[in-house]
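Participant: Below is the sequence, then the predicted model.
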Amino acid sequence: MKLGLSDVQSFHNWHVSVPVLQATLSLALALERKGKMPLVRMGTDLRRDELRGHPVVAIGSFSNPWTEQNVAGLRFTFDRGVSDKERPRIRDSLNPQRSWSLSHIYPEPQTKDYAIVTRTLDPATREPFVSLAGLHSFGNQIAAGFVSQDSSWNELARRAPVGWEKMNIQIVLETNIVGTTHSLPKIIETYFWK
């Protein structure tokens, strides 16, 4: 994919970080390799009418209102806590004692991150809404990388029930972090439902 100066547009959106941009670019390139031409909207630039009639992929957790709205009430959800001293976490609504949280709070460096990949199918149109969201920026990147790799889907298929391709899915991923480099994501939990 070649980009020229005319392809670059400035915008004012407080909800987009460099790691979200990196995850978006990674996913867009993967889709293009498969012959799909994604329409990219950043953060709050996505309008409600653009959600209808085609697949949507939302990247980011706490910074993306579409993720917060579409993942609320599902089995795995994000919880930022009630104070700055609390670590953001992923909660399991079927097992409330179980959660995954960051090992450190800023400015301490992260050593692990977690992400949720969610695919829900609109009951009327059967079009998917996909959320790729991490607790920290590395989580956004591993979620986008996960869905971009055929090997990830092959691993998921080995764990999945028959007919999973047409089911709603949530996948919790974990990565280890050294400096600014993350490891390959590891599936730590899955959930499938109709």
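Facilitator: That came through fine.
Participant: For the rest of this, base every contact and every neighbour count on C-alpha atoms.
Facilitator: OK.
Participant: count of neighbours near the nearest residue to residue 78 once chain neighbours are set aside?
Facilitator: Counting by C-alpha to C-alpha, 6 or more residues apart in numbering, the nearest residue to residue 78 once its immediate chain neighbours are dropped is residue 90, at 4.7 Å. By the criterion of other C-alpha atoms under 10 Å, residue 90 has 22 neighbours.
Participant: try residue 193
Facilitator: By other C-alpha under 10 Å, 11 other residues sit near residue 193.
Participant: Kindly report the same for residue 60.
Facilitator: Counted with other C-alpha under 10 Å, residue 60 comes out at 33.
Participant: The spatially closest residue to it that is not a sequence neighbour bridge partners, please.
Facilitator: Nearest-residue entry for residue 60: residue 133, 4.4 Å, with adjacent residues in sequence omitted and distances by C-alpha to C-alpha, 6+ apart. Per DSSP bridges, the residues bridged to residue 133 are residue 116.
Participant: Check the secondary structure at the residue nearest to residue 78 for me.
Facilitator: strand (DSSP: H, G, I helix; E, B strand; the rest coil).
Participant: coming back round to it: just the pLDDT at the residue nearest to residue 60, thanks.
Facilitator: Looking at residue 133, its pLDDT is 90.
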